[in-house]
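Asks: have a look at this fold, sequence not included:
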């Protein structure tokens, strides 16, 4: 599963950035459950990208972190993902929903 602790552009304006405590809580939860994860980035520097709504929730005061399946060719005719990545994301969401 891919995790991006921040998204957006223009510094802290119109973006989200998970604080260290929330980030550690999520990563510890995944590690204890044996979920494989990796960090990632979304979009080009200062151009944003990704179509995520995390910044909207963050601007309302919610703790957010972007996570999901890494895809090649998103929104193209053929999207590719690894079965292992897909399964790890399923396990992560399941653990998160069971513990929260």
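Replies: Everything's here; your move. Only a predicted model underlies this, so the values are computations on that prediction, with no experimental measurement involved.
Asks: avg pLDDT for the helix ranked longest in the chain?
Replies: Taking DSSP state H as the assignment, the helix of the chain that covers the most residues is helix 83-99. Helix 83-99 shows a mean pLDDT of 93.
Asks: low-confidence stretches in this structure?
Replies: 8-16, 42-51 (pLDDT under 70).
Asks: show me what the longest helix of the chain is packed against.
Replies: Identification of packing neighbours for helix 83-99 by 3 or more CB pairs under 8 Å, 6 or more residues apart in numbering; DSSP states H and E yields helix 20-32, strand 66-68. Where C-beta positions appear, they are placed from N, C-alpha and C, glycine not excepted.
Asks: among these, which is the most enclosed?
Replies: strand 66-68 (a mean of 19; mean count of other CB atoms under 10 Å).
Asks: just to revisit the earlier point, just send the helices and strands packed on helix 83-99 back as a markdown table, with distance to residue 76 too.
Replies: As requested, the helices and strands packed on helix 83-99 are exported to a markdown table (distance: least, CB to CB, whole Å):
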| stretch | distance to residue 76 |
| --- | --- |
| helix 20-32 | 29 |
| strand 66-68 | 17 |
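Asks: buried ones in the longest helix of the chain?
Replies: Within helix 83-99, the residues that count as buried by 16 or more other CB atoms under 10 Å are 85, 88-89, 91-92, 95.
Asks: just to revisit the earlier point, so for residue 3, which of the helices and strands packed on helix 83-99 sits nearest?
Replies: Nearest of these to residue 3, taken as CB to CB: strand 66-68 at 4.7 Å.
Asks: so what touches the closest one?
Replies: By CB atoms under 8 Å, 6 or more residues apart in numbering, the surrounding residues in contact with strand 66-68 are 1-5, 7, 16, 26, 37, 42, 50, 52, 54, 89, 92.
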